[in-house]
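> okay, predicted coordinates and the sequence, questions at the end:
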Amino acid sequence: MAKGRVYIVKNPLFPTLFKMGYTTKKSVEERGLSASNLPEAFQVIREYECDDYEETEKLFHDTFEPFRYYSQLDGRGKQTEFFSVVCLGNAVAWMDKLKGLTDITEEAEAEVEAIAEAEEKANKDFFDKSKVVRRSVFDFYEMGIPKGASLQFVRDPSIHVKVINNKQVEYDGKPISFSLVTAQLLKARAKYAHPTPYWTYEEKNLLDIYNETYPANTKV
């Protein structure tokens, strides 16, 4: 059976709550928590690797059921994966003592930092005038990405866009500028964002494809 990860995370927007869940993704970051429609990212309190991740999550939820938060948005009290912070200390201690779990919190935090550093370097290199001489504007077709191709968002692999011509993509059923949809997903302050570091095509980062198609010493 493939290993999964169970985690305890907290968001500064919800100071009275924390979330416990599991993921089969490589990391909690890939679970898409930070890419959800929230202005603040989730912070990892604990992350563990284990085999029986689904059973572990169920056991946790059953054990701490008295502290579970029920949403009233539908007027019926909908069950959530959020729990009151009054039991957070006990929840962490309970998880730390549970057999079959390997604490990988520090490793997970290092993974998240590495992703952020790689993205920052990619953007810096792209816009660094000492390294770039009038780089070409990207063109999907020139980069070998055909119409109809599916592109995957790095920060949330569940998000995809479809190439509809050499410059535009389709997102949520509507045509949109690639730079514009990237800025929206990143919740960037600017209206547009250079998109290539944040997307992959057939598991290859678009920035790598761009650099191969338009070498840094190539002039327009």
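Sure, I can see it. Residues are numbered from 1 along each chain as shown.
> please enumerate the strands of this protein.
4-10, 17-23, 43-50, 68-71, 78-84, 102-103, 150-153, 160-163, 168-171, 174-177, 199-201, 204-205 (DSSP state E).
> would you mark the buried spots in the fifth one?
It refers to strand 78-84. By neighbour count with 16 or more other Cβ atoms under 10 Å, strand 78-84 contains the buried residues 81-83. Just so you know, the C-beta spots here come from the backbone N, C-alpha and C atoms, and that holds for glycine as well.
> between those, which is nearest E202?
Distances from E202 to these, taken as Cβ to Cβ, are shortest for E81 (32.8 Å).
> my read is that the closest one contacts T23, right?
No. Between E81 and T23 there is no contact under Cβ atoms under 8 Å: 11.8 Å.
> related to what we said a few turns ago, just so I know, which of the strands of the chain lies nearest M95?
strand 43-50 (5.9 Å).
> could you name the helices and strands sitting against that closest one?
Here strand 43-50 touches strand 4-10, helix 88-97, strand 102-103, helix 105-127, going by 3 or more Cβ pairs under 8 Å, 6 or more residues apart in numbering; DSSP states H and E.
> give me the residues contacting the second one.
Under the contact criterion Cβ atoms under 8 Å, 6 or more residues apart in numbering, helix 88-97 has outside partners 6, 8, 10, 18, 20, 45-46, 48, 60, 63-64, 83, 101, 103.
> roughly how far does the residue most central in space within the chain sit from E55?
Geometric centre of the chain, nearest residue: R155, 3.1 Å, by Cα atoms, centre = their mean. For R155, the distance to E55 equals 29 Å [Cβ to Cβ, to the nearest Å].
> hmm, back to that, got a ChimeraX select line for the buried ones in the contacts of helix 88-97?
To isolate the buried ones among the contacts of helix 88-97 in ChimeraX, judged by 16+ other Cβ under 10 Å, type:
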select :6,8,10,18,20,45,46,48,60,64,83,101
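> could I get the contacts of helix 88-97 in a markdown table, plus columns for distance to Y214?
Shown next, in a markdown table, are the contacts of helix 88-97 (distance: Cβ to Cβ, whole Å):
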| residue | distance to Y214 |
| --- | --- |
| V6 | 43 |
| I8 | 44 |
| K10 | 42 |
| F18 | 45 |
| M20 | 45 |
| I45 | 43 |
| R46 | 44 |
| Y48 | 43 |
| F60 | 50 |
| T63 | 55 |
| F64 | 53 |
| F83 | 50 |
| L101 | 47 |
| D103 | 44 |
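> so which of the contacts of helix 88-97 comes closest to Q168?
K10 (38.2 Å).
> who's in contact with that closest one?
K10 neighbours (Cβ under 8 Å, 6+ apart): 17-19, 42-43, 45, 85, 88.
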